[in-house]
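Asker: Okay, sequence plus prediction incoming.
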Amino acid sequence: MPMAMCRLGADMADSMPAVVNYAAAPGCVELREVPVPRIDDGDVLLLVEAVSVCGSDLHQWLGGISWKVNYPCILGHEFAGVVAERGSAVTAFREGDRVVSETAAVIDPSSPLTRRGLYNLDPGRLGFGYGVDGAMTRFVRVPERCLHRLPDEVDFVRASLTEPCSVAYNAVCVNTTVRPGDTVVVLGPGPIGLLCAVMAKLSGAGTLIVAGLPADAGRLEIARQIGADQTVSENVQDTIRAVGDGLGADIVIDAAGVSATLALAAEIVRPAGQITKVGWGPQPMGFSLDPVVQKNVTIQGSFSHNWPIWERIISMMASGQLDLAPLISRTGGLEDWQACFEGMHRGETVKAVLTPGSRERDGN
């Protein structure tokens, strides 16, 4: 969108539609008119061109989450767009620049973790879509430090998946050691699980297995398209015993989050193997970790991402090394938010992307 058009939209609009999570109870999400945000000196006002739907958005819609939300809050933390306006202290970006944004909207710059570049682990961190207003709207206020320049080769819809790709990269390529020839099992064929499978394949996994439920048939088909050697929806243990020497998987990525999958991971991982847990789940475990002790297994948590990971993912998208087309099942305007949420919840849609300006571009 031309620079003048961006500024005109920012100057003239007093309100805008937004997908708002207004309370903790199930179903407390609706499309509302909200004020256009005002920016501070170090911020930009970003014109949102694409915002993808995350599993955490669904969890907030369904209720029963394990994190604090500052209600009411505009959903959406996976987004890309154009700089519409910049604060007086912003120097690296100008109006009209194509950008994608990280999720750490508020961090403590003096935190020892932030100083190490691990601001994703800063205890005071607040993210878009739960801590501060997110991007399922037309304009969002973004600190300059969150922005990454978007190459012309990467369209906005694909760019909106930079965040989940960064989650998967951190889990598989930073917090897990995958060696060529390893047997890697991914539990849970949701978007993060499928992206973890992509990263494991790129890292040299010898045998890549993605496991889900019978209801995940469509997503398991996508897993095969992106490189899984096998998919399984029943009797996972039997499948793993039939691979290699029968001692289990070198690496298990738990991308499902429910307690049962961690118990399954402990059962199918080989002695001296690794389990990486990236999926969230508030349920108590209710099982013994003795198999982890007996097998001398490493359990590694993985959360979020940081600046160099984002740069790596953008480079992989631009070069064509990272093909996201099989995962993007649906796009729609803000008014389609509920249908997109429901499709992902039912497992019919792998990844849905909202394009807030689509009706304007169509002349509606």
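Answerer: That came through, no problem. Predicted model only: the values in this text are computed from it and were never measured.

Asker: what about the strand or helix carrying residue 114, average pLDDT?
Answerer: If you go by DSSP states H and E, residue 114 is part of helix 112-115. Across helix 112-115, the average pLDDT comes to 96.

Asker: same check, this time on stretch 315-324
Answerer: pLDDT averaged over stretch 315-324 gives 96.

Asker: circling back: what's next to the helix holding residue 114, contact-wise?
Answerer: 107, 108, 119, 121, 122, 123 (Cβ atoms under 8 Å, 6 or more residues apart in numbering). Just so you know, the C-beta spots here come from the backbone N, C-alpha and C atoms, and that holds for glycine as well.

Asker: In JSON lines: these, plus neighbour count, secondary structure and pLDDT.
Answerer: Supplementary listing: the contacts of helix 112-115 in JSON lines, determined by neighbours: other Cβ atoms under 10 Å; DSSP: H, G, I helix; E, B strand; the rest coil; pLDDT from 0 to 100:
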{"residue": "107", "neighbour count": "21", "secondary structure": "coil", "pLDDT": "96"}
{"residue": "108", "neighbour count": "14", "secondary structure": "coil", "pLDDT": "96"}
{"residue": "119", "neighbour count": "21", "secondary structure": "helix", "pLDDT": "96"}
{"residue": "121", "neighbour count": "16", "secondary structure": "helix", "pLDDT": "95"}
{"residue": "122", "neighbour count": "20", "secondary structure": "coil", "pLDDT": "94"}
{"residue": "123", "neighbour count": "7", "secondary structure": "coil", "pLDDT": "93"}
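
Asker: and residue 112, how many neighbours?
Answerer: 9 (other Cβ atoms under 10 Å).

Asker: ok, now how distant is it from residue 322?
Answerer: 33 Å (Cβ to Cβ, to the nearest Å).

Asker: buried stuff in stretch 146-160?
Answerer: Using 16 or more other Cβ atoms under 10 Å as the test for burial, stretch 146-160 gives 146, 147, 148, 150, 154, 156, 157, 158, 159, 160.

Asker: my guess is the third one is in a strand, correct?
Answerer: Yes: using DSSP: H, G, I helix; E, B strand; the rest coil, the assignment for residue 148 is a strand.

Asker: And the pLDDT at it?
Answerer: Residue 148 is given a pLDDT of 98.

Asker: Would you enumerate the residues in contact with it?
Answerer: Contacts of residue 148 (Cβ under 8 Å, 6+ apart): 99, 100, 101, 102, 162, 310, 311, 314.

Asker: try it again with 7 Å
Answerer: Counting by Cβ atoms under 7 Å, 6 or more residues apart in numbering, residue 148 touches 99, 100, 310, 311, 314.

Asker: distance of residue 208 from residue 355?
Answerer: 32 Å.

Asker: Report the buried residues of the helix holding residue 114.
Answerer: 113, 114.

Asker: what's the following helix or strand after that helix?
Answerer: strand 126-127.

Asker: For residue 263, give me its contacts.
Answerer: residue 287.

Asker: where does it land in three-state SS?
Answerer: Quick answer, by three-state DSSP: residue 263 is helix.

Asker: Show the model's pLDDT score for it.
Answerer: 95.

Asker: what's the answer for residue 4, then?
Answerer: With respect to pLDDT, residue 4 scores 35.

Asker: Not counting whichever strand or helix holds residue 313 itself, show me its contacts.
Answerer: If you go by DSSP H and E, residue 313 is part of helix 307-319. The contact list for helix 307-319 (Cβ under 7 Å, 6+ apart) reads 102, 117, 148, 151, 153-154, 158, 162, 165-166, 169-170, 174, 322.
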